[in-house]
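K.L.:
Structure of the sequence below:
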Amino acid sequence: MSTDDPIQRELEALHALVQRLGDSQRRLHEENRSLRTSQEQLAGERATLLARNEQARSRVETMIQRLKALEHPGSTA
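P.N.:
Numbering: from 1, shown residues only. Next up, the predicted model:
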């Protein structure tokens, strides 16, 4: 509905700008939601890996203690 009226053209331009801004806001909102979901998932994976690493470290330390006890049969372990 374009006319030669400068005010009408400016209103149409502003309307188009508001539409683009709204589209950008929706896209950014969705992207932010997706990134937060990914961040939560990665934090959970990290916690799992840290726990597994701690378990492995504990098992290795236990094996080292057992090997030391075998080297020195008179000590308690």
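
K.L.:
just the CA coordinates of stretch 63-76, formatted as CSV?
P.N.:
Extracted C-alpha coordinates of stretch 63-76, given in CSV (Å, rounded to 0.1, in the frame of the first residue of the first chain):
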residue,chain,number,x,y,z
MET,A,63,46.4,-51.3,42.9
ILE,A,64,49.6,-49.4,43.7
GLN,A,65,49.1,-50.0,47.4
ARG,A,66,48.5,-53.7,46.8
LEU,A,67,51.7,-53.9,44.6
LYS,A,68,53.7,-52.2,47.3
ALA,A,69,52.3,-54.7,49.9
LEU,A,70,53.4,-57.6,47.6
GLU,A,71,56.9,-56.1,47.4
HIS,A,72,57.1,-55.8,51.2
PRO,A,73,55.3,-58.9,52.6
GLY,A,74,55.8,-58.0,56.2
SER,A,75,53.9,-54.7,56.1
THR,A,76,50.1,-54.3,56.3
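
K.L.:
For it, what is the distance to the chain centroid?
P.N.:
44 Å (CA atoms, centre = their mean, to the nearest Å).

K.L.:
Quick one: mean pLDDT for it?
P.N.:
Averaging pLDDT along stretch 63-76 yields 86.

K.L.:
where does this structure dip in pLDDT?
P.N.:
1-3, 75-77 (pLDDT under 70).

K.L.:
residue closest to the middle of it?
P.N.:
residue 39 (1.4 Å; CA atoms, centre = their mean).

K.L.:
does it sit in a helix, a strand or a coil?
P.N.:
Judged by DSSP: H, G, I helix; E, B strand; the rest coil, the three-state class of residue 39 is helix.

K.L.:
now it: how far from residue 24?
P.N.:
22 Å (CB to CB, to the nearest Å). From N, CA and C alone the C-beta is placed, and that goes for glycine too.

K.L.:
just residue 55 next, same as before
P.N.:
In terms of CB to CB, residue 55 sits 46 Å off from residue 24.

K.L.:
And the helix or strand that contains residue 45, what does it pack against?
P.N.:
Following DSSP states H and E, one finds residue 45 within helix 6-71. Contact partners of helix 6-71 among helices and strands, from 3 or more CB pairs under 8 Å, 6 or more residues apart in numbering; DSSP states H and E: none.

K.L.:
Sweet, I'm off.
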